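I'd like to go over a predicted model; first the sequence, then the structure.
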Amino acid sequence: MGIGNAYADEILWEAGLSPFKSTTSLDPQETESLHRAIKTVLWCGIGEIKKRVGDELPIKKPREFLRIHNKKGERCPRCEDIIQWVSYRDRNTYYCSGCQTQDRILKDRRYSRFLKLIML
């Protein structure tokens, strides 16, 4: 069991890290920021879920309190840039290019997969 895609998006946004930055390339400040963001996001998530369902174990409940995950095309709550997304395999990753990737829009592999199928 892991953190999950939704909370991973939130943690990386909170830490201001690109979703495709290798963990082996993090400097000490980025590592500390990531550690702090993990604790902050997970504790806030637990608090929000407890407010909504008490001590029940929620399974696939909507998490509208998340700030970036599943918010493609909306404004970033921190910098007002447009939230982007990258789709790969069976998951989507949401990020803010302004806060996380120095204004770079990351490549989405959906189209390259489509073109590859056409060429076969």
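Yep, that arrived. Owing to the predicted nature of the structure, the values given are computational and were not obtained by experimental measurement.

isn't residue 12 right up against residue 19?
Yes: at 5.2 Å, residue 12 counts as touching residue 19 under the criterion of CB atoms under 8 Å. Yep, even glycine has a C-beta here, placed from its N, CA and C like the rest.

the two - which one has more neighbours?
Higher neighbour count among residue 12 and residue 19: residue 12, with 25 against 18, using other CB atoms under 10 Å.

in which helix or strand would I find the more buried one?
Following DSSP states H and E, one finds residue 12 within helix 5-15.

quick one: the next helix or strand after that helix to chain centroid distance?
Using DSSP H and E, the next helix or strand after helix 5-15 towards the C-terminus is helix 28-53. How far helix 28-53 lies from its chain's middle: 13 Å, per CA atoms, centre = their mean, to the nearest Å.

now do helix 28-53: which elements does it pack against?
Using 3 or more CB pairs under 8 Å, 6 or more residues apart in numbering; DSSP states H and E, the elements in contact with helix 28-53 are helix 5-15.

before we move on, the earlier item: specify the angle between the helix holding residue 12 and helix 28-53 in degrees.
Relative orientation of helix 5-15 and helix 28-53, computed by axes from the mean of the first three to the mean of the last three CA atoms, to 10 degrees: 130 degrees.
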